[in-house]
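>>> generate a structure from the sequence data that follows.
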Amino acid sequence: MDKVPFKHCPSNKKNCVSTIDLTSYHRISPIPIEESSERVKEKIHVALAHFDQTEVKEETPKYIHAVFSTKFLKFKDDVEFYIDEYNHLLHIRSASRLGYYDFKANRKRIDRFKHLFHSL
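Numbering: from 1, shown residues only. Okay, here's the model as predicted:
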C-alpha cells in the first residue's frame with residue numbers, strides 16, 4: 001500500500017482540506033484514476049494551467065506540490081497531489097499557510113480542480 005506523503009490538516013484550523021483526513025470539515029474525496037501515472041500528471045498540469053498565479057514547486061514521479069498565490073494580498077496556499085497507484089486514487093491536500101479560516105477557499109479550489117480534471 002502506498003503511503004501518502006503529506007500531513008493531515010491541523011484539527012484546530014479550518015483552512016485546509018485533504019483526502020486523508022476523516023473529520024467532516026477537512027475531508028474531501030480522492031479522485032479514482034484508471035490512467036497511467038504519466039497521464040494523471042499530464043491532466044494535473046493541464047488543470048493547474050487554468051488557475052491564475054499558480055506555480056509547481058516540486059515534482060516527483062508520483063507527487064506534485066503547487067503554490068497558489070491570492071490575487072491581491074499575495075497569500076500563499078499549498079496544494080499537493082499524490083498518485084496512489086496501488087489503490088488507483090489521486091490524493092489531494094490544499095491548505096492556507098496563514099490564518100485559521102479560509103471561507104472555504106481551499107474546498108472551492110479543489111472542487112474546481114476536480115471538475116477540470118474530469119473534463120480532460
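>>> quick one: the residue of the chain positioned farthest from its centre from Asp52, how far?
Each residue of the chain has a distance to the centre, and by Cα atoms, centre = their mean the biggest one is for Phe72: 21.7 Å. In this view, Phe72 and Asp52 are 12 Å apart by Cβ to Cβ, to the nearest Å. C-beta: built from backbone N, CA, C; applies to glycine.
>>> next: Ser36.
Distance of Ser36 to Asp52, given as Cβ to Cβ: 29 Å.
>>> show me the shaky parts of this structure.
Scanning the chain for pLDDT under 70 picks out 1.
>>> the residue farthest from the centre of the chain belongs to a strand, doesn't it?
No - read with DSSP: H, G, I helix; E, B strand; the rest coil, Phe72 is coil and lies in no strand.
>>> tell me which stretches of this protein form helices.
Listed in chain order, the helices of the chain (DSSP state H) span 37-48, 105-119.
>>> so which of the ones you listed comes closest to Asn12?
When the helices of the chain are compared by Cβ to Cβ, helix 105-119 sits nearest Asn12, at 15.7 Å.
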